[in-house]
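K.L.:
show me the folded form of this:
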Amino acid sequence: MTSRETASTTQHLAALEPVENYLRGHATGKAEYIRKAFHPDARILSFRDGVHYSLTVDEFIAARFHGEPAADEAQRKRFITQFDVTGNAGTAKVVLQYPGVTFTDYFTLLEIEGVWGIANKTFSAAQQPEAR
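P.N.:
Numbering: from 1, shown residues only. Predicted coordinates:
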């Protein structure tokens, strides 16, 4: 591997870390992982059930992360479907399959002063038919 390829691999791994922290936060319910995932001034934007939401990281944490995994955690699946990095910017697409709803998250990633983080998140929520 050339030094350029090694640098590119190192950059990709560093950019992937906030996405992995985000997934850990969802799995554990622990706010500390979400704080490590997002830049402090990031925004979470969505349009759900006819309502536009624009949350700060603190508002997002307060609404969703209470220090414990969700009661149905064993039934939840999460995975990264797309990931791309160029220089100090990148994107990721993450799918969260939960009972009754599938979330598709889109992240913009940015390296600021040597630290990668999620700069913004938008998402779509698709209700799933109930299993019989």
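K.L.:
please enumerate the strands of the protein.
P.N.:
Applying DSSP state E to the chain gives strands spanning 38-48, 51-56, 77-86, 89-98, 101-112, 115-127.
K.L.:
minimum distance to residue 67: which of these has it?
P.N.:
Judged by C-beta to C-beta, the one of these that comes nearest to residue 67 is strand 38-48, at 17.5 Å. Bear in mind the C-beta positions are built from the backbone N, C-alpha and C, glycine included.
K.L.:
what are the buried residues along the helix ranked longest in the chain?
P.N.:
Ranked by residue count and defined by DSSP state H, the top helix of the chain is helix 3-28. Residues of helix 3-28 classed as buried: 11, 14-16, 18-19, 21-26, 28 (neighbour count, 16 or more other C-beta atoms under 10 Å).
K.L.:
show me what that helix is packed up against.
P.N.:
helix 31-37, strand 77-86, strand 89-98, strand 101-112, strand 115-127 (3 or more C-beta pairs under 8 Å, 6 or more residues apart in numbering; DSSP states H and E).
K.L.:
check the offset of it from the chain's centre.
P.N.:
12 Å (C-alpha atoms, centre = their mean, to the nearest Å).
K.L.:
put together JSON lines for the strands of the chain, with distance to residue 69 and mean pLDDT on each row.
P.N.:
Listed next are the strands of the chain as JSON lines, based on distance: least, C-beta to C-beta, whole Å; pLDDT from 0 to 100:
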{"stretch": "strand 38-48", "distance to residue 69": "20", "mean pLDDT": "92"}
{"stretch": "strand 51-56", "distance to residue 69": "21", "mean pLDDT": "92"}
{"stretch": "strand 77-86", "distance to residue 69": "12", "mean pLDDT": "97"}
{"stretch": "strand 89-98", "distance to residue 69": "12", "mean pLDDT": "97"}
{"stretch": "strand 101-112", "distance to residue 69": "16", "mean pLDDT": "96"}
{"stretch": "strand 115-127", "distance to residue 69": "20", "mean pLDDT": "94"}
